[in-house]
Structure formats: C-alpha cells, structure tokens
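A.B. asks: quick one, what's the 3D model for this:
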Amino acid sequence: MEKSKIKVLVVDDSAIVRQVLKERLSQEPDIEVVGVAPDPYIARDKIVKLNPAVLILDVEMPRMDGITFLKKLMRYRPMPVVIFSSLTPQGSELALEALKEGAVEVMVKPGGSYSVGEAIAQLAQKIRAAAKARFLKPSSELPPLDEEQVSETSLKYVGDEIIAIGASTGGTEALKVVLKQMPLNSPGIVIVQHMPPGFTEAFARRLNEICKIEVREARDKDPVLPGTALIAPGGLHMVVMRSGTRYYVKLKEGPLVNYQRPSVDVLFSSVAKAAGPKAIGVIMTGMGSDGARGLLEMKKAGAKTIAQDENTCVIFGMPKEAIKLGAVDHVVPLEEIPSQILKLLKNPA
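C.D. replies: Alright, predicted model coming up:
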C-alpha cells in the first residue's frame, strides 16, 4: 500500500518562487504540492478547499503580511507552517516573530553560494519535520522557576563547569523557557540551535532582552564565562576548547554533520573532550538524530546528561535518539530542565 504524501500549499507573492517550489518539491517521493497562492486571501480559500498538511509561507507579501496571516491562522485553524523568506535584518526579526506566533520552522530563500538544490533538500526536510510537529501551549504559560529554589540552589562551583545545549525544531521557544530561568551565577552555557545564517544574531538579541544572564551570538575565540550563553552562528560549527581552567569557543566552516551546520554533535563532542565530567549536556526538541552521539560521548567522559521529555517536545526526535543510544541520565519536562541543571550543579554526584 502506497504511503500517503504530505500535502503542501505554497504562499508567496513571487510567481517564480511558486513555480520552482511546485516543480522541485513535487519530485520528492513523499511530498505533494497541492496548490500555490500569491497572497494570504487566496491562501485562505485554498486551505479550506485543499486541506494541506503543511503551509510554506513568505513573511513579506502585499495585501496582508505573513505574520498577520499567521496569527489569524493559528487562532482559527492551527496548522504546521514553514516560513520561507528572503534574509534581511528586518526579515530575520519577522521570522523570529513568526516562530513566536506558532510557525514550526524558518528557512532562508537561496542566494549567493546557497544553491536552489541545497535549499530544496533542506526545505523538504523541514516540511517532513513540520508534518510531525505537535502544537503545545505557548511557553509564556509555563511556570517560572521558584525564586526560593534558585536561592536555595546557590551555586558554589569552582568555575570550570560548563553547560552545553542542543535543539532544533521547536527549540527557539523551548530555549526561551530554559534560559529565562537560569540565574546570573550559572556556569557558562554554549548552545547550538539549528537556524539559518543571519537569524541567530537576532534570536540571541531577543533572548538577551528577557533573560537575567547575557545571551549573544558567539564570536570566534569568545571565552565561555559564568552568567553568559553563547549561541553558535547559523552556517558555522562551534567547538569548545580549553585553556587551563578556562574555556573558549572556536567557529569553523566544514561539511554539514547530520545535514546541519552548526551541528549539535560537533559541539557536544568538543565539550566531552574539553570538559569531561565538568559538563552538563542537554538535548531538546528537534527532528533527526543530531546530538545523540555527541551526548553519548559526553556521558562516557563523565558528564551529566538531560533530555527533554516527549510530552513537551514539538518533535521528539533528537531526544528520542539520544535516549535510545543510552546517552541520557535524566528525562524531564521542558519547564523542569533549569531546576534539574541546578540540582546537578549543586550535587555533582
């Protein structure tokens, strides 16, 4: 019996983009582009008529912008949406707004060294991820960490602990939940969130505005300092190096690992070597297996490891693979990850 295809509707004001996506995505064995629309008004009618499983949406369009349409869609007919947009500084802010409003994935239209072929392959992966996504309550509804718990868990560490976090689909909102609850005296944090180049800077800036700790996009040779979280830039791998009792990050190009750059496996593997038992590894929501092997390396090197549980994941892919490999010590709901980290720091044994 033939497996049913993922039905996709493309909403973009460019006739060329609509044509290319329809032609190229339809060549994927498991994807069917059932329709295209030049603006949200036509899209609305086609959603009702064609009942697509996934929507590909541009954010900058005439008549009604993609964000306004997304808000209406999520209110009246929630469905998986992949944002496919040109990358400008303003565009990255809009894309982050889209993720906040319920979009599952964000992707940049091809340009420069980024070929159409690569873009289509990545977009197909994101469509597959979106089709499996679960809709969860907004992170703003999750309870904040109890202030007493933070003070009780006052961290008295030597200074050479490090926290490494990896996430993908659904991770932008999940990371917000975790980082907002980390106290100022937490060890340095290094993060890989699968995102396109250009988006990570805006994402880090947004997190920095709402967190006690400092959050920013990593630069080459940045030190990993207490009270600071460094996010790997889109398009570059990030590795942690050690100098004495101090850590710093190196950014590098190189082949995709698990279809990703930055890759969680690359980060976790480097943390295993640099920090060993002084590290805590956290793997969160996302499709695929990136990070599972790296987390196992961390565990074998003596690190404590945490995975987000299935009920709070948008996609229980990466944590599930890590659990299957035996790489995970603790499986906890998203909102309990910060307190679990603090507990492990307080009681390393």
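A.B. asks: now for the strand or helix carrying residue 270, which elements pack on it?
C.D. replies: Per DSSP states H and E: residue 270 is located in helix 264-275. Packing contacts for helix 264-275, counted by 3 or more CB pairs under 8 Å, 6 or more residues apart in numbering; DSSP states H and E, involve strand 162-167, strand 188-193, strand 237-243, strand 279-283, helix 292-300. Just so you know, the C-beta spots here come from the backbone N, C-alpha and C atoms, and that holds for glycine as well.
A.B. asks: got the contact list for that helix?
C.D. replies: If you take CB atoms under 8 Å, 6 or more residues apart in numbering as the criterion, helix 264-275 is touched by 160-162, 164, 166-168, 190, 192, 194, 232, 237-242, 247, 257-258, 279, 281, 283, 290-295, 297-298, 300-301, 303, 318.
A.B. asks: could you redo the last one with a cut-off of 7 Å?
C.D. replies: For helix 264-275, contacts defined as CB atoms under 7 Å, 6 or more residues apart in numbering pick out 162, 164, 166, 190, 192, 232, 237-242, 247, 257-258, 279, 281, 290-291, 293-295, 297-298, 301, 303.
A.B. asks: residue 204 contacts residue 216, correct?
C.D. replies: Yes. Residue 204 is in contact with residue 216 according to CB atoms under 7 Å; the separation is 4.9 Å.
A.B. asks: neighbour-wise, which of those two wins?
C.D. replies: Neighbour totals were compared for residue 204 and residue 216, and residue 204 leads with 21 against 16 (other CB atoms under 10 Å).
A.B. asks: pipe the helices and strands packed on helix 264-275 into a markdown table and attach mean pLDDT and mean neighbour count per row.
C.D. replies: Listed next are the helices and strands packed on helix 264-275 as a markdown table, based on pLDDT from 0 to 100; neighbours: other CB atoms under 10 Å:
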| stretch | mean pLDDT | mean neighbour count |
| --- | --- | --- |
| strand 162-167 | 98 | 28 |
| strand 188-193 | 98 | 27 |
| strand 237-243 | 97 | 19 |
| strand 279-283 | 98 | 29 |
| helix 292-300 | 98 | 23 |
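A.B. asks: how many neighbours does the nearest residue to residue 18 once chain neighbours are set aside have?
C.D. replies: Leaving out its chain neighbours, the residue that sits closest to residue 18 by CB to CB, 6 or more residues apart in numbering is residue 36, at 4.2 Å. Using other CB under 10 Å, residue 36 is surrounded by 20 other residues.
A.B. asks: can I get the helix or strand hosting residue 36 in PDB, CA atoms only?
C.D. replies: Per DSSP H and E: residue 36 is located in strand 31-37. The C-alpha coordinates for strand 31-37 follow below in PDB (Å, rounded to 0.1, in the frame of the first residue of the first chain):
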ATOM      1  CA  ILE A  31       5.600  15.400  -0.800                       C
ATOM      2  CA  GLU A  32       2.800  16.700  -3.000                       C
ATOM      3  CA  VAL A  33       2.300  20.500  -3.700                       C
ATOM      4  CA  VAL A  34      -1.500  20.600  -3.900                       C
ATOM      5  CA  GLY A  35      -1.700  24.300  -4.600                       C
ATOM      6  CA  VAL A  36       0.000  27.700  -4.700                       C
ATOM      7  CA  ALA A  37      -1.300  31.200  -3.700                       C
END
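A.B. asks: could I get the buried residue list for the helix or strand following that strand?
C.D. replies: Reading on from strand 31-37 to the C-terminus, the next helix or strand found by DSSP H and E is helix 40-50. Going by neighbour count (16 or more other CB atoms under 10 Å), the buried part of helix 40-50 is 40, 43-44, 46-47.
A.B. asks: with respect to residue 101, which of those residues is nearest?
C.D. replies: residue 40 (13.7 Å; CB to CB).
A.B. asks: and the helices in the chain, which stretches?
C.D. replies: Along the chain, counting by DSSP state H, helices occupy 15-25, 40-50, 66-76, 89-100, 116-132, 147-152, 171-180, 199-210, 264-275, 292-300, 318-324, 337-346.
A.B. asks: just those helices: most buried one?
C.D. replies: helix 264-275 (a mean of 25; mean count of other CB atoms under 10 Å).
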